[in-house]
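>>> one predicted model, sequence on top.
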Amino acid sequence: GAVVSQHPSWVICKSGTSVKIECRSLDFQATTMFWYRQFPKQSLMLMATSNEGSKATYEQGVEKDKFLINHASLTLSTLTVTSAHPEDSSFYICSARDPQESPWDSPLHFGNGTRLTVT
Amino acid sequence: KQEVTQIPAALSVPEGENLVLNCSFTDSAIYNLQWFRQDPGKGLTSLLLIQSSQREQTSGRLNASLDKSSGRSTLYIAASQPGDSATYLCAVRRGSSNTGKLIFGQGTTLQVKP
């Protein structure tokens, strides 16, 4: 089945630095990928929709200059948390849909997530 | 605004029990509903997807039902096993296509004791 790979699985960084998270579709091409954030004991919240070859679409309240998304190829989207602060510490998960699957009922496939801790 | 609520937030049962997890949503105008499993510190695994026109879906020991008019879905797990211990999330997709935004509930954390 479709596999989405995320890297790194966890990262610790100092306040003020930037962190890049990669999301790859391993066996399919994804024109669209989705980035979610999950705080402890809370649900997933969609941050942005990453579109290959064009600008990402950000959800209300998400700072596009802080969370830079680049979808440079059909198999790779990156999320860069710029000038990270402790409040950015969270679990970041990406997902994508395999266009080869049914367009009507294909599920989203999720990566294993990245645990970001900003000290 | 679509809101998704899952009850209970946590559940602990002995191995072998049948159990039901509940999911409710405020706006019945959904395209589909999906149940996921999340293991600690991991991503999500899709379990079942129910289209808005369907009433239920089954996969092995799992059965998910959907009552769109009342804004409810249930996930039934038969003969629970310790390996079923995880957080279960339901998510509804807004709108009229499979490209609409997914709205997640907060999840039910299940512990199955051997």
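Looks like it arrived, so ask away.
>>> run through the bridge partners of residue B:108.
Note on residue B:108: beta-bridge partners by DSSP bridges are residue B:88.
>>> give me the neighbour count for it.
When neighbours are defined as other CB atoms under 10 Å in any protein chain shown, residue B:108 has 21 of them. Using the backbone N, CA and C atoms, a C-beta is placed for each residue, glycine as well.
>>> do I have it right that it meets residue B:9?
Yes - between residue B:108 and residue B:9 there is a contact under CB atoms under 8 Å: 6.4 Å.
>>> for residue A:31, give me its contacts.
Residue A:31 makes contact with A:51, A:52, A:74, A:99, according to CB atoms under 8 Å, 6 or more residues apart in numbering or on different chains.
>>> what's the distance between the last one and chain B?
Relative to chain B, residue A:99 is positioned 11 Å away (criterion: CB to the nearest CB, to the nearest Å).
>>> thought that residue was touching residue A:52?
No - the pair residue A:99 / residue A:52 is not scored as a contact, 11.3 Å apart, by CB under 8 Å.
>>> overlap in contacts of these two?
Common contact partners of residue A:99 and residue A:52 (CB under 8 Å, 6+ apart): A:30, A:31.
>>> so residue A:57 bridges to which residues?
As for beta bridges, residue A:57 partners with residue A:49 under DSSP bridges.
>>> pairing partners for the lowest-mean-pLDDT helix or strand in chain A, with directions?
Across the helices and strands of chain A, mean confidence by mean pLDDT, DSSP states H and E is lowest for strand A:109-110: a mean of 88. In the sheet containing strand A:109-110, its partner strands are strand A:90-96 (antiparallel), by DSSP bridges.
>>> quick one: average pLDDT of the strand it pairs with?
Per-residue pLDDT values across strand A:90-96 average out to 94.
>>> try stretch B:86-103
If you average the pLDDT over stretch B:86-103, you get 82.
>>> what's the span of that stretch, first residue to last?
Length of stretch B:86-103, first residue to last, CA to CA, to the nearest Å: 20 Å.
>>> please list the residues of chain A that sit near chain B.
Contacts of chain A with chain B, taken as CB under 8 Å from any CB of the partner chain, map to A:4, A:6, A:32, A:34, A:41-46, A:91, A:93, A:95, A:97, A:103-113, A:115.
>>> which residue ranges of chain B form strands?
Assigned by DSSP state E, chain B shows strands spanning B:4-7, B:10-14, B:19-25, B:30-38, B:44-51, B:56-59, B:62-67, B:72-77, B:86-94, B:102-104, B:108-113.
>>> what do you get for chain A?
A:4-7, A:10-13, A:19-25, A:32-38, A:44-51, A:57-58, A:67-73, A:76-81, A:90-96, A:109-110, A:114-118.
>>> helices and strands around the last one, which ones?
Using 3 or more CB pairs under 8 Å, 6 or more residues apart in numbering or on different chains; DSSP states H and E, the elements in contact with strand A:114-118 are strand A:10-13, strand A:19-25, strand A:90-96.
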